[in-house]
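In: generate a structure from the sequence data that follows.
(one chain, ligands or ions: 1)
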Amino acid sequence: MLELRSITAGYLRNAPVVREVSLTVAPGESVGLLGPSGCGKSTLARVAALLHRPDSGTVVLDGEPVRHWRHRAPRALRTAFGVVFQQARLSADPRLPLTDLIAEPLRATGRGKEIPDRVAELTPVVGLTPDLLTRRPHEVSDGQLQRACLARALVLRPRLLVCDEMTAMLDASTAAALVSAVEDYRASSGAALLAVGHDRTLLGRWCDRTVDWDSLAA
Ligand SMILES: Nc1ncnc2c1ncn2[C@@H]1O[C@H](COP(=O)(O)OP(=O)(O)OP(=O)(O)O)[C@@H](O)[C@H]1O
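Out: Residues are numbered from 1 along each chain as shown. The predicted model follows:
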């Protein structure tokens, strides 16, 4: 269970972009978060994924209040989350072949031995072909790179996925394939999902419930 309680967060002192926002994602639940551009959805998603420390409020994960963010968060908490961002090119190290990009979280957590099996397992799950794995990000399409970023998010078998406009830059068939890969993973693992987006129809079809940004503030 992920609880965001009265979160205020932003980038400048005294000018928060998220004000007193509360949201709960139950175990296994999929929640769509809908709101206009610039309202603060990505900022809240980053707080939820322990990537951005809020100015105030509490994040509670499975009953435990979170006290540290980013690299200071305990590994067990950090690895509970798989995160996919809108712009794959900004979230992928341009020097890494896709296989290393997918394997990054395994290497970072000292689980390098699992890399060959796990990458081979995930490649078809996200719709990549083995010949793409040796290519670097500039040698693949945006859709192929986002597929690799989804594989990276799944590689540690997270219990919570945060998809921040994951499909916004993609054509309809790639978007549908990635949503379906997320749903297959959720069906087999019981993982929960927080999906951020603009598209009410997509989120409505994808998620158990969709919440509007305006309804979240205290
Ligand atoms: N790193 C940053 N430094 C300063 N301001 C930022 C930063 N990131 C975002 N902002 C500002 O915070 C506000 C909220 O941004 P955020 O990305 O959370 O909105 P969003 O709802 O996800 O928007 P979109 O739907 O367009 O992605 C915006 O006004 C944005 O300009």
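In: make it CA atoms for all contacts and neighbour counts henceforth
Out: Noted.
In: and the helices in this protein?
Out: Remark: helices assigned in the chain by DSSP state H are 41-48, 75-78, 88-91, 98-108, 115-125, 142-154, 172-189, 200-206.
In: which of these sits closest to the ligand?
Out: Of all the helices of the chain, it is helix 41-48 that lies closest to the ligand, at 3.6 Å by CA to the nearest ligand atom.
In: just how off-centre is the closest one within its chain?
Out: Helix 41-48 sits 10 Å away from the centroid of its parent chain (CA atoms, centre = their mean, to the nearest Å).
In: same thing with stretch 201-213?
Out: Here stretch 201-213 shows a centroid-to-chain-centroid distance of 16 Å under the convention CA atoms, centre = their mean.
In: residue contacts, the most centrally placed residue in the chain?
Out: Closest residue to the average C-alpha location of the chain: residue 83 at 2.2 Å, with CA atoms, centre = their mean. Going by CA atoms under 8 Å, 6 or more residues apart in numbering, residue 83 touches 49, 150, 153, 161, 162, 163, 164.
In: ok, now residue 35?
Out: Residues near residue 35 by CA under 8 Å, 6+ apart: 41, 197, 198, 212, 213, 214.
In: contact residues of the protein facing the ligand?
Out: Contacts of the chain with the ligand, taken as CA under 6 Å from any ligand atom, map to 11, 17, 36, 37, 38, 39, 40, 41, 42, 43.
In: swap the cut-off to 5 Å and go again
Out: Proximity of the chain to the ligand (CA under 5 Å from any ligand atom) is limited to residues 11, 37, 38, 39, 40, 41, 42, 43.
In: okay if I get the contacts of residue 83 as JSON lines plus pLDDT and distance to residue 5?
Out: What follows is the contacts of residue 83, written out as JSON lines (pLDDT from 0 to 100; distance: CA to CA, whole Å):
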{"residue": "49", "pLDDT": "95", "distance to residue 5": "14"}
{"residue": "150", "pLDDT": "98", "distance to residue 5": "28"}
{"residue": "153", "pLDDT": "98", "distance to residue 5": "25"}
{"residue": "161", "pLDDT": "98", "distance to residue 5": "19"}
{"residue": "162", "pLDDT": "97", "distance to residue 5": "17"}
{"residue": "163", "pLDDT": "97", "distance to residue 5": "20"}
{"residue": "164", "pLDDT": "96", "distance to residue 5": "20"}
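In: pLDDT below threshold where in this protein?
Out: Scanning the chain for pLDDT under 70 picks out 218.
In: you'd agree residue 34 is up against residue 214?
Out: No - here residue 34 does not reach residue 214: they are 9.0 Å apart, not a contact under CA atoms under 8 Å.
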